[in-house]
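>>> I would like the atomic coordinates for the input below:
(6 chains)
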There are 4 protein chains.
Amino acid sequence: MTSAQTNRMNIRYTDKRQRILDATMELIAENGLHNTPMSQVSKHSGVSAGAIYHHFPSKEVLINQLYLLEKQRVMDATFGELDNTLDYRQQFYQLLELTYGYFIRYPQKLSLMEQCANSPLISEDTLKAKLNYEQIAAQFILRGIEQGQLKDLNLALLMSLLFSQIVALVKLPSVGQPVTEQLKQQAFDCCWDSVSA
Amino acid sequence: MTSAQTNRMNIRYTDKRQRILDATMELIAENGLHNTPMSQVSKHSGVSAGAIYHHFPSKEVLINQLYLLEKQRVMDATFGELDNTLDYRQQFYQLLELTYGYFIRYPQKLSLMEQCANSPLISEDTLKAKLNYEQIAAQFILRGIEQGQLKDLNLALLMSLLFSQIVALVKLPSVGQPVTEQLKQQAFDCCWDSVSA
Amino acid sequence: MTSAQTNRMNIRYTDKRQRILDATMELIAENGLHNTPMSQVSKHSGVSAGAIYHHFPSKEVLINQLYLLEKQRVMDATFGELDNTLDYRQQFYQLLELTYGYFIRYPQKLSLMEQCANSPLISEDTLKAKLNYEQIAAQFILRGIEQGQLKDLNLALLMSLLFSQIVALVKLPSVGQPVTEQLKQQAFDCCWDSVSA
Amino acid sequence: MTSAQTNRMNIRYTDKRQRILDATMELIAENGLHNTPMSQVSKHSGVSAGAIYHHFPSKEVLINQLYLLEKQRVMDATFGELDNTLDYRQQFYQLLELTYGYFIRYPQKLSLMEQCANSPLISEDTLKAKLNYEQIAAQFILRGIEQGQLKDLNLALLMSLLFSQIVALVKLPSVGQPVTEQLKQQAFDCCWDSVSA
DNA sequence: GATGAATGAGGATTCATTCAT
DNA sequence: GATGAATGAATCCTCATTCAT
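Purely as a prediction, here's the structure:
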């Protein structure tokens, strides 16, 4: 087998794998974790049922991996995009903006995460791995504490409070409350007031 | 039918209905919304499969009603228990304490609510009814605004921010962070800082 | 128990029995033999489920008896109403008119009979009893043969041919063909031509 | 996919589909439309329960399709076999013979058709499609009228009268009357007399 | 490796019948 | 006798997974 062939196959392999993951997320966001049979994933992704099981040993594993992958992507798209030339408070607001914007842009991803977060389908191992991905968030919070910008409290607490408030904001429209630019800024202020020193 | 008979029947009726609801909640909290077949609800509640359908026309309705009932109960057990002789800030902290305590005491209920909140099984009607039950919360927030204790922001926003933070606190142990009395008080302060004027 | 009491009870008994039979027929005609649960018969007749089983040992028996009863009623309402002062041919046409009119007036009855006629729910015994009820028809046909008005053929054949054609006429609208007075008379002529000498 | 593969698959596909249809017809004729669970169809056809649903989306659709298919087959086996070198009256008698013979040879098919004809399981669409299949009968009748052989009456009426009489003849044995060759010929004459000019 | 038809255990729901009151 | 809640076997259908091709 030539290196070109290997390469092409990897591309294809990744391609199929990604198509499966994409289809799964779309369907789960649309129809729910349990109204998404593998047969639909197959149809929607254009990958045959058998081939899906070549990439993922079971539906459970597929969903766990999807969940982790998306977790990673949110972290990258938010903490990974921070402008280090800004001061801490500005970075804090930038983080809120990035996170809020990400979920507004990809509402499916929030839907997926929320459904998975409370599902017994997600394994302990996955939850542990998820915590690892959140290290980058922990470091950001820690820096804030060290700089005297944030309350000197438990890291996990601060992260949870922060994330939960952003999600609450993103979901406001789902309880009938549209989010204007002004409302968003006010919410961001609440977040800051919640954890700032 | 004598009044005694009526009474006995109502007791029985309520009894069975309640046993079904209780069993359903326990099983959903334990195994998840979709790993809870009606046959298990039947076994666990001691009510035959057919009889469940005398009380609830379908699994969907059963779960929707259960969700609403529990929503109502949380509201009663929290906002309903506030001590009106206290000043606003004290009531605010009492509310946090009551809500936190309720979910710590009945972790199943939080599990149920979180699973339902993101499930397509919950109907639009149920969500509307849920909003109604939350009127009492809205009034509490409104009072805080009028008294100048809370930020003069959108009601739905303040409620969502508040509730999401309490839930985040209750779930801290599930991300490996035990909650001490001190941590709890600090979290409550964050909540207050988040929304207070 | 006084005779008056007995009498009253019989009236009631018959009344309930009849209400059950009526409800059953209406529901079967409306929803079909197998979309008619006993619970609906109970609701529609106003007779409790338990009481129905006091009058009929099973759904099967109920339907068999209903079928026989209605068979008897058609025979009474048709052959039983013939005007003996008319000549044979006139009586023949009167019979067609009566039978056609009966089923047009009570379409539920035809629906019931057709559903039952081809159902394994109807027992051999019921079918035999049905043949007995048709003796009156056999006699009418026989008279026609003796008078040289009808073909001298097998009785069962003539009866079947006749009855099947009337039913075919009654059901014409169900295949999209309305029945005018003229069409009806033409159909009657066909019947006559079919079996007349 | 090679052409041989395609061919083999089609054979198999048709084979399984046909086995399901065959089993369904046999069971319905034997036990009735509503005493024929899909599990029995599965056992009797040798096709797994799930696989049946690959071929037919529901029991209802299965039965509707079976009904239509059989309707089509009767039409083919009767009107499709007429000898056009014969004169009209001879063809008429040939048609009676073919139809009678078909149902005597396949009594299950008559049982199926009669059960379906009066069942709410059969959809409006199926009934419309059935009417289409009967066009060939309508043409045959029309030709008879044009040639002055049949009464100049409504097409639907003549068809219904004719078909109902043949069915009545086929079912004579079920009311205890065996059909001899002579009786059959006499019945055919009745049919002819019924509609001939 | 890829396909997608096939499997069959498991799920929600119905309903004839019973029986405690 | 009357009631109607309760029973639970039976039904239709789904879907994760496998495997012959």
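>>> Next, count neighbours for residue A:110.
Applying other C-beta atoms under 10 Å in any protein chain shown, we find 20 residues neighbouring residue A:110. In short, each C-beta sits where N, CA and C put it, glycine included.
>>> Now do the same contact list for it.
A:103, A:167, A:170-171 (C-beta atoms under 8 Å, 6 or more residues apart in numbering or on different chains).
>>> now residue A:75
Counted by C-beta under 8 Å, 6+ apart, residue A:75 has contacts A:133-134, A:136-137.
>>> Please identify which two of the contacts of residue A:110 are farthest apart in space.
The most widely separated members of those, counting by C-beta to C-beta, are A:103 and A:171 (8.9 Å).
>>> So which of those two has more stuff around it?
residue A:103 (22 against 19).
>>> Give the buried residues for the helix or strand where that one lies.
Here residue A:103 sits within helix A:88-105, counting by DSSP states H and E. For helix A:88-105, a neighbour-count test (16 or more other C-beta atoms under 10 Å in any protein chain shown) marks A:88, A:91-93, A:95-100, A:102-103 as buried.
>>> After that helix, which helix or strand is next?
helix A:107-117.
>>> Need the CA coordinates for that next one. PDB is fine.
Extracted as PDB, the C-alpha positions of helix A:107-117 are listed here (Å, rounded to 0.1, in the frame of the first residue of the first chain):
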ATOM      1  CA  PRO A 107     -27.900  25.500  19.000                       C
ATOM      2  CA  GLN A 108     -27.700  21.800  18.200                       C
ATOM      3  CA  LYS A 109     -24.500  21.600  20.200                       C
ATOM      4  CA  LEU A 110     -26.200  23.000  23.300                       C
ATOM      5  CA  SER A 111     -29.100  20.600  22.800                       C
ATOM      6  CA  LEU A 112     -26.700  17.700  22.500                       C
ATOM      7  CA  MET A 113     -24.700  18.600  25.600                       C
ATOM      8  CA  GLU A 114     -27.800  19.200  27.700                       C
ATOM      9  CA  GLN A 115     -29.300  15.900  26.700                       C
ATOM     10  CA  CYS A 116     -26.100  14.000  27.300                       C
ATOM     11  CA  ALA A 117     -25.300  15.800  30.600                       C
END
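>>> Give me the helices and strands touching the very next helix or strand once past it, please.
Using DSSP H and E, the helix or strand that directly follows helix A:107-117 along the chain is helix A:124-133. In terms of contacts (3 or more C-beta pairs under 8 Å, 6 or more residues apart in numbering or on different chains; DSSP states H and E), helix A:124-133 is packed against helix A:59-78.
>>> how far is the helix it packs on from where the chain is centred?
On the basis of C-alpha atoms, centre = their mean, to the nearest Å, helix A:59-78 sits 7 Å off its chain's mean C-alpha point.
>>> Could you check the helix holding residue A:103 against chain B for contacts?
No: contact of helix A:88-105 with chain B (C-beta under 8 Å from any C-beta of the partner chain) is absent, the minimum separation being 12.5 Å.
>>> Quick one: mean pLDDT over that helix.
When pLDDT is averaged over helix A:88-105, the result is 96.
>>> Packing partners of that helix?
By 3+ C-beta pairs under 8 Å, 6+ apart, helix A:88-105 packs against helix A:59-78, helix A:107-117, helix A:135-146, helix A:155-170, helix A:181-195.
>>> Next one: the residue in chain A that chain D sits nearest to relative to residue A:27, how far apart?
Closest approach between chain A and chain D, counting by C-beta to the nearest C-beta: residue A:39, at 10.7 Å. Distance, residue A:39 to residue A:27, by C-beta to C-beta, to the nearest Å: 11 Å.
>>> More neighbours: which of the two?
Using other C-beta under 10 Å as the criterion, residue A:39 and residue A:27 rank with residue A:27 on top: 20 against 10.
>>> distance of the residue of chain A found nearest DNA strand E from residue D:134?
Proximity of chain A to DNA strand E (C-beta to the nearest atom of the strand) peaks at residue A:50, 2.1 Å away. Taking C-beta to C-beta as the measure, residue A:50 falls 45 Å from residue D:134.
>>> quick one: which of the two has more around it?
residue D:134 (19 against 8).
>>> how does chain A divide into domains?
Domain ranges of chain A: A:1-56, A:60-195, per automatic domain parsing.
>>> want to try a markdown table for these, with distance to residue C:114 as columns?
Below are the domains of chain A laid out as a markdown table (distance: least, C-beta to C-beta, whole Å):
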| stretch | distance to residue C:114 |
| --- | --- |
| domain A:1-56 | 41 |
| domain A:60-195 | 52 |
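>>> how about low-confidence regions in chain A?
A:1-13 (pLDDT under 70).
>>> let's see 80
By pLDDT under 80, the weakly predicted segments of chain A are A:1-14.
>>> What residues does it have near DNA strand F?
Contact residues (C-beta under 7 Å from any atom of the strand) of chain A with DNA strand F: A:35-39, A:49-50, A:53, A:58-60.
>>> Among those residues, which one is most surrounded by other residues?
Ranking the residues of chain A next to DNA strand F using other C-beta under 10 Å puts residue A:36 first, with 22 neighbours.
>>> Contact partners for residue A:73?
Residue A:73 sits in contact with residue A:109, where contact means C-beta under 8 Å, 6+ apart.
>>> Grab the nearest non-local neighbour of the closest residue to chain C within chain A.
Residue of chain A nearest chain C, by C-beta to the nearest C-beta: residue A:35 (28.1 Å). Nearest residue to residue A:35 in three dimensions, chain neighbours excluded: residue B:120, at 6.5 Å (C-beta to C-beta, 6 or more residues apart in numbering or on different chains).
>>> Now do the same contact list for that neighbour.
Applying C-beta under 8 Å, 6+ apart, we find residue B:120 in contact with A:31-32, A:35.
>>> and if you look at residue A:157?
B:169, B:172, B:177, B:183, B:186-187, B:190.
>>> Done for today, thanks.
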